[in-house]
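J.: missing the sequence, but the structure's below:
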């Protein structure tokens, strides 16, 4: 079992511990927000000592930024990567919306999307966390706009498409889905989100 | 100055104090969420004693629910009431969207919309706060759907309009505006929100 190859790819004990801490941090942030991420709360949640945690993350901010990056990594793995299996164009955009609205559930984040939580939390609080969130949202908007451009290239969306406007309204559908789920229930929200998406595509395909 | 009429409408000392506490609570919730509303933090913020606060709000939950209702009152005063000055129909819906995206600023809530904060915070946390939020969002959705129905009655929107779908997508525009403001800036976000709104109206007027 301990072949050379297996040894080479196996994470070190330190990497494993770090990954466990980050998984607990993302789970905590998804429920209680990133301000609830302190070395103290994480020590309680993981059963590790505070000094053990400090060895991995020197400060609350280090831990928060690492948890944000881990959230983004999980998001990419659950939403963008599987959507690449769909052919480029509208079918990939449709896969994106389907994966996006279901990802917190599939990533075992019963507290909902942690990036959504972080956005609301730091929107009006200037500082390094807000800067980090804006930076990652720009990357996300870029990746989404790129997927829209591909649908223009396939000819499914019109050449005149304002891809940033499309991405803006695409994101609107995701956000209202998250907000409406608790009022209308998941089934009706999903149906309405899909209806909105198909109309968005129709409008830009003319 | 102390005529009978003036005395009759002047709030009592107790009512005034309660209003001051609630104003501080809404401000605090808009930044730090409703979980940050404790008798302790409010005592610090208002300079009142904990026992003085307890006299007005018997528990953290009482205080949270009262702050949520005060947020809803401020929202109605800043968004729905002024929109009533616009004639019923699409012009009123347009006034609603304009007032809605600017209301946290106009209500001196630099921490953003507290109801938006509450929704994200309790979405996945069953309990009395979540129930209270869902209840108020249902009322809000009802008021919004009613405004959409009036635009059907004036003939500006088609008789076949799914008013709940319209309201769903209207809310989507508000939410993406709040989220995009920090990435794109207020001007571009407002422009894109208005574009989305005009296309929504166009789609349902056919």
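T.: Now that the structure is in, tell me what you want to look at. It should be emphasised that the depicted structure is a prediction, and the values quoted were computed from it without experimental measurement.
J.: any idea which residue sits dead centre in chain A?
T.: When CA atoms, centre = their mean is applied to chain A, the residue found nearest the centroid is residue A:75 (3.4 Å).
J.: which strand or helix spans it?
T.: Assigned by DSSP states H and E, residue A:75 belongs to helix A:60-75.
J.: against which helices or strands is that helix packed?
T.: helix A:13-32, helix A:39-46, helix A:114-122, helix A:128-153 (3 or more CB pairs under 8 Å, 6 or more residues apart in numbering or on different chains; DSSP states H and E). Placement of C-beta: from N, CA and C, glycine included.
J.: most tightly packed of those helices?
T.: Looking across the helices and strands packed on helix A:60-75 with neighbours counted as mean count of other CB atoms under 10 Å in any protein chain shown, the highest average goes to helix A:114-122: a mean of 23.
J.: that one and chain B, any residue contact?
T.: Yes - applying CB under 8 Å from any CB of the partner chain, one finds helix A:114-122 touching chain B at A:116, A:117, A:119, A:120, A:121.
J.: tell me which of those residues is nearest to residue A:186?
T.: Using CB to CB, residue A:116 is the member of those that sits closest to residue A:186, with 15.8 Å.
J.: give me the neighbour count for residue A:161.
T.: If you count neighbours by other CB atoms under 10 Å in any protein chain shown, residue A:161 ends up with 18.
J.: not counting its neighbours along the chain, what's nearest it?
T.: Nearest residue to residue A:161, sequence neighbours excluded (CB to CB, 6 or more residues apart in numbering or on different chains): residue A:204, at 4.8 Å.
J.: number of residues surrounding that neighbour?
T.: Residues near residue A:204, counting by other CB under 10 Å: 22.
J.: tell me who's in contact with it.
T.: Residue A:204 makes contacts with A:157, A:158, A:161, A:166, as judged by CB atoms under 8 Å, 6 or more residues apart in numbering or on different chains.
J.: who touches stretch A:156-176?
T.: Stretch A:156-176 has contacts (CB under 8 Å, 6+ apart) with A:89-90, A:93, A:96-97, A:100-101, A:116, A:141, A:144-145, A:148-149, A:151-152, A:193, A:196-197, A:200-201, A:204-206, B:168-169, B:171-173, B:175-176, B:179-180, B:192, B:195-196.
J.: before we move on, back to that, the residue nearest to the centre of chain A touches residue A:103, doesn't it?
T.: Yes - between residue A:75 and residue A:103 a contact is recorded at 6.5 Å, counting by CB atoms under 8 Å.
J.: which neighbours do the two share?
T.: Common neighbours of residue A:75 and residue A:103 are listed as residue A:113 (criterion: CB under 8 Å, 6+ apart).
J.: which members of the contacts of stretch A:156-176 are classed as buried?
T.: Among the contacts of stretch A:156-176, the ones that count as buried by 16 or more other CB atoms under 10 Å in any protein chain shown are A:89-90, A:93, A:96-97, A:100-101, A:116, A:141, A:144-145, A:148-149, A:151-152, A:193, A:196-197, A:200-201, A:204, B:168-169, B:171-173, B:175-176, B:179-180, B:192, B:196.
J.: of the contacts of residue A:204, which belong to helices?
T.: residue A:166 (DSSP state H).
J.: any of the contacts of residue A:204 buried? List them.
T.: Buried by 16+ other CB under 10 Å: A:157, A:161, A:166, out of the contacts of residue A:204.
J.: could you dump those to a markdown table with distance to residue B:26 and pLDDT?
T.: Output for these, formatted as a markdown table (distance: CB to CB, whole Å; pLDDT from 0 to 100):
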| residue | distance to residue B:26 | pLDDT |
| --- | --- | --- |
| A:157 | 43 | 98 |
| A:161 | 41 | 97 |
| A:166 | 36 | 98 |
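J.: among those residues, which one sits closest to residue A:42?
T.: Nearest to residue A:42 out of the buried ones among the contacts of residue A:204 is residue A:166 (CB to CB; 39.4 Å).
J.: now the closest one: how far from chain B?
T.: 10 Å (CB to the nearest CB, to the nearest Å).
J.: same question for residue A:15.
T.: Distance, residue A:15 to chain B, using CB to the nearest CB: 30 Å.
J.: list the residues that contact that residue.
T.: Taking CB under 8 Å, 6+ apart, we find residue A:15 in contact with no residue.
J.: any weak-confidence spans in chain A?
T.: A:1-8 (pLDDT under 70).
J.: one more time with 80, if that's ok
T.: Within chain A, the stretches with pLDDT under 80 are A:1-9.
J.: tell me the angle the helix holding residue A:75 makes with helix A:39-46.
T.: Our comparison of helix A:60-75 with helix A:39-46, counting by axes from the mean of the first three to the mean of the last three CA atoms, to 10 degrees, yields an angle of 50 degrees.
J.: tell me the first helix or strand C-terminal of helix A:60-75.
T.: Using DSSP H and E, the helix or strand that directly follows helix A:60-75 along the chain is helix A:81-83.
J.: contacting residues around the helix or strand just after that following helix?
T.: Sequence-wise, the next helix or strand downstream of helix A:81-83 (DSSP H and E) is helix A:90-106. By CB under 8 Å, 6+ apart, the surrounding residues in contact with helix A:90-106 are A:30, A:75, A:78-80, A:82-86, A:109-113, A:144, A:147-148, A:150-151, A:154, A:156-157, A:170, A:173-174, A:177-178, A:189-190, A:193-194, A:197, A:201.
J.: ok and helix A:90-106 relative to helix A:114-122, angle-wise?
T.: Computed with the same axes, to 10 degrees, the direction of helix A:90-106 lies at 80 degrees from that of helix A:114-122.
J.: helix A:90-106: how far from the chain's middle?
T.: Chain-centre distance of helix A:90-106: 11 Å, with CA atoms, centre = their mean, to the nearest Å.
J.: for stretch A:175-182, same thing?
T.: Centroid separation for stretch A:175-182 versus its chain: 15 Å, with CA atoms, centre = their mean.
J.: same question for stretch A:119-133.
T.: 16 Å.
J.: gap between the two ends of it?
T.: End-to-end span of stretch A:119-133 (CA to CA, to the nearest Å): 7 Å.
J.: show residues contacting it.
T.: Identification of contacts with stretch A:119-133 by CB under 8 Å, 6+ apart yields A:33-35, A:61, A:64-65, A:68, A:115, A:118, A:137, B:30-31, B:33, B:110-112, B:116-117, B:120, B:178-179, B:181-182.
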